[in-house]
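[1] sequence unavailable; structure follows:
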Ligand SMILES: Cc1ncc(COP(=O)(O)O)c(C=O)c1O
Ligand SMILES: Cc1ncc(COP(=O)(O)O)c(C=O)c1O
């Protein structure tokens, strides 16, 4: 229902940084020689994201994403690639968990510096119907990491 | 719902004559050489009545019934056999129609002398769930007459 | 003592003695309020909207599932599928699991006491597939004959279906013992019809070790048009969907379709969210009373009713002794047809059921075309038994006069 | 002018602009009262009791069917079957008629605009039976392409299924013309999905000359969990039952069962009498307004909304001109994803739907993954359009800032 509070939440959700990532996504495109490519779909809206990952030992050496979707899923994917590239898997797993906690509404997680600019997506927790969008790329990343470990 | 009126209706339904026909049904049994035998069933209560009919030209020369059922269906079948035996088909058709009208609630039909003692079943019209019971044998008779005509 | 005051229909009709709860139960105010409240505050199509009202509807629907799952001891809540009721639940299993798993020569075991809803779907499946329907017979006092069951179980047995509690006799079946026998001798799936158990006693699906369990909302103080099917996730995952359409699909290509996850895979179309909310309110209502108290209350009534009925000359009571029986007593009176009994009782406001109780195979074995059945629930008390007994005596008198 | 005051959810939430009625409608007080009144005065299991309360329930259920049949122009009321909704109705036809009538090589025609509920059941039937699914394509403005249809019709065509009104585009299809073409060139049965027609315009089944017609209660001011399937008696009589169980049987022998007459044959289990009563109340409510007035009201709103949306730069509207359209407008705004649009609009209380509208085949042909959809009903008025336009402009502004 409409309220000034809700307007503020909308403003927080669609802040400049998110729209910037939506319009000018980082690390978008295919990755030649990716070890893992995972496609995740949200049947409700038809969105589809592919995450391509290269590993170097216990580190993600490179990561890109492709596909289309709403501003939240695109911005989240874009930020995710920036955040995890070059980092060791254990650290990424920590970040992924914290990100998930943040969009599920955990305030402390939303202030965790390890999330870097992805903290801009904290506002999604106020929009239950959009949490799935924010997690799409991260879920794909998790699947890629699990597949790599096996 | 209980009321003195309802008690009176129950009394009218289960009057002596009906219970007498239930306990000592007339024309019950098989009919050797019956031209038509029609079985009618009421799946809800499991009741089943067979009506056996012999014709002599345009007259029902003999009719009997067999099978089990509640007091209403048995008394109705018993009275029906008494009423139609030896009568011409056209007259029977009139009686059948009037009987049907009576149990459906038509007061005038309930006073029609052509229904004879079957008028005792007029009280069924106050019990919608039991109308089917009262009509079972009559419906079988109708089917038998139609089959005979063809 | 009873909970009658919670039920508006009964409060409105103080002269009414509703003892036909095995057919359907009356509804407490809290359930009617919950349904109305959903429509007045949260009504939208669940799962489909990105707006707050639709999220409210989705949450209400999901919460209902969670609550029901807790009530029924189901840890994996998404393996509780909402259906229209027991009949649909059992048809779902017979069709979806049955058609994709059975072959000619396989054997399906049902019991002679089962409701048509847990009998005819298996019979028809057997006919269509060339499988063999085998019917477990009953003891003289209306229990599943475990010797008969043992004689039917073999490695061709693929399904064993039986009701937890019989609607026609009230028999509470020994699920644990039956399950052990089936598991020991077969690789069959076990399908349990809980329509008469869930409303009346504690049921914990995860403890029962059956594969599928069906129930209806309208018999447990909930609304009509909603019920459930609980199953093992692995079985659900391996089965084709039962109905197809919106919500249950993942991707619809021109030539092929992929399916959504549980529970959606088996919930095609707009869900009956208001019904689920009403059903959850019913479960909460029963929980607050306590299912042990519900059963104790009913068993006390059925014991008293049986005793007082048995004292009337000409009465025959069917089914086991009260200890193994829920709130149902099935009986006949001399040659007074049950329909006549019901009509006379109705004249005094006593609502009993007369008929075959959707259990024609059982009626044949009892060698009756029908019985009269009184079934009790939380809103009944001794005054209902008084009226029942009085009505039976009155029937006896009316029909007695006519005895030759 | 609108009928908003009749709808408690909307009265309680004056700031809410509910324009998602194609997904589900809000419910007027008279419908909620009818449901409650049934439970408080007539609740019993219909068809099963010999007592007055059960007769009252049976009468209420039968009366609901009669009223619906009159509302929908069905002379043979018993050929109106109550189901859970459109999805179940269409699955019933595809399964019961389809499996017993189709063979490998037969052809089934659906359209590219159909809802998954009228697409997937036919696709799956075709796969399981070796029949061929043929998809009728659309014109650029979202109508059924009659040339495409003509090219698909031949003597192998056994089923032609299409929606009366499209939920995704609002297109009102020319049923008469389609039926003539099908009858002229094939012996196919015609299955019409009326989910979006019955709530919004006059529908007279007997005049349509289709073989089956499906609809949902929850989209026409009625409760969730109830809907209907109308069919020709001769077809119903020739079909095997869809679900089996109580009420729909005649005699249940150990090895074979015979079926009850219509409508019971296709209504297995305890009927949702309260749902039927609520649905009848909804039909009575709509009748009192007059279906011509409902359609006129919606078309006026959709015409205004389309015009004002079209005036916004960057808006694309899908579907035909308003004259052939019911109260639905489907659109996109530049590169603003429909989900983002829906979220921003929701912030101002405007409930639109964003997604594929259970019409993925259509979305592929429109070459979009989703659209935004506003759909109007009797309770909407110009203030809802104002809020919609304002929200779209706001979205444009929010996203506009970010344009490089
Ligand atoms: C055109 C159309 N067909 C079928 C359906 C399915 O109806 P339901 O979900 O009520 O079964 C809908 C609505 O979702 C629809 O709009
Ligand atoms: C034991 C049993 N099984 C199945 C059913 C069918 O339930 P429903 O009619 O709610 O589908 C009933 C009740 O009618 C029942 O008592």
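    Perfect, thanks for sending it. Owing to the predicted nature of the structure, the values given are computational and were not obtained by experimental measurement. Numbers count the residues shown, from 1 in each chain, chains lettered A, B, ... in the order given. Ligands and ions are numbered 1, 2, ... in the order given.
[2] so, low pLDDT: which residues of the chain?
    You didn't pick a chain, so chain A it is. Regions of chain A meeting the criterion pLDDT under 70 cover residues A:1, A:43-45.
[3] ah, I was thinking of chain C
    Within chain C, the ranges that satisfy pLDDT under 70 run C:48, C:401-404.
[4] where do the strands sit along chain A?
    A:36-42, A:47-56, A:59-68 (DSSP state E).
[5] direction included, what does the first one pair up with?
    When sheet partners are counted by DSSP bridges, strand A:36-42 sits next to strand A:47-56 (antiparallel).
[6] residues in contact with the strand it pairs with?
    A:30-31, A:33-42, A:60-70, A:73, A:77, A:133, A:136-137, A:140-141, A:144-145, A:148, D:369-370 (CB atoms under 8 Å, 6 or more residues apart in numbering or on different chains). Every residue, glycine included, has its C-beta placed from N, CA and C.
[7] filter those residues down to the buried ones.
    A:31, A:34-38, A:40-42, A:60, A:62-67, A:69-70, A:73, A:77, A:133, A:136-137, A:140-141, A:144-145, D:369-370 (16 or more other CB atoms under 10 Å in any protein chain shown).
[8] centre of the chain versus stretch A:70-84, how much separation?
    4 Å (CA atoms, centre = their mean, to the nearest Å).
[9] for stretch C:391-403, same thing?
    What separates the centre of stretch C:391-403 from the centre of its chain is 34 Å, taken as CA atoms, centre = their mean.
[10] got the contact list for the spatially closest residue to residue C:3 that is not a sequence neighbour?
    Spatial nearest neighbour of residue C:3, excluding adjacent residues (CB to CB, 6 or more residues apart in numbering or on different chains): residue C:378 at 4.4 Å. Counting by CB under 8 Å, 6+ apart, residue C:378 touches C:2, C:3, C:221, C:286, C:289, C:294, C:297, C:298.
[11] helix, strand or coil for residue C:378?
    Secondary structure state of residue C:378, per DSSP: H, G, I helix; E, B strand; the rest coil, is coil.
[12] out of the contacts of residue C:378, who has the most neighbours?
    Among the contacts of residue C:378, residue C:221 has the most neighbours (other CB atoms under 10 Å in any protein chain shown), with 30 neighbours.
[13] who touches it in this structure?
    Going by CB under 8 Å, 6+ apart, residue C:221 touches C:25, C:26, C:27, C:28, C:31, C:199, C:282, C:285, C:286, C:378.
[14] nearest to ligand 2, of these?
    residue C:199 (9.6 Å; CB to the nearest ligand atom).
[15] is the closest one part of a helix or strand, or is it coil?
    At residue C:199, secondary structure determined by three-state DSSP is coil.
[16] doesn't residue C:227 make contact with it?
    No: in this structure, residue C:199 is not within contact of residue C:227 by CB atoms under 8 Å, at 11.1 Å.
[17] could you dump the strands of chain A to TSV with distance to residue D:190?
    Output for the strands of chain A, formatted as TSV (distance: least, CB to CB, whole Å):
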stretch	distance to residue D:190
strand A:36-42	35
strand A:47-56	36
strand A:59-68	38
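[18] and the ones you listed: which comes nearest residue D:269?
    Checking those against residue D:269 by CB to CB gives strand A:36-42 as the closest, at 35.7 Å.
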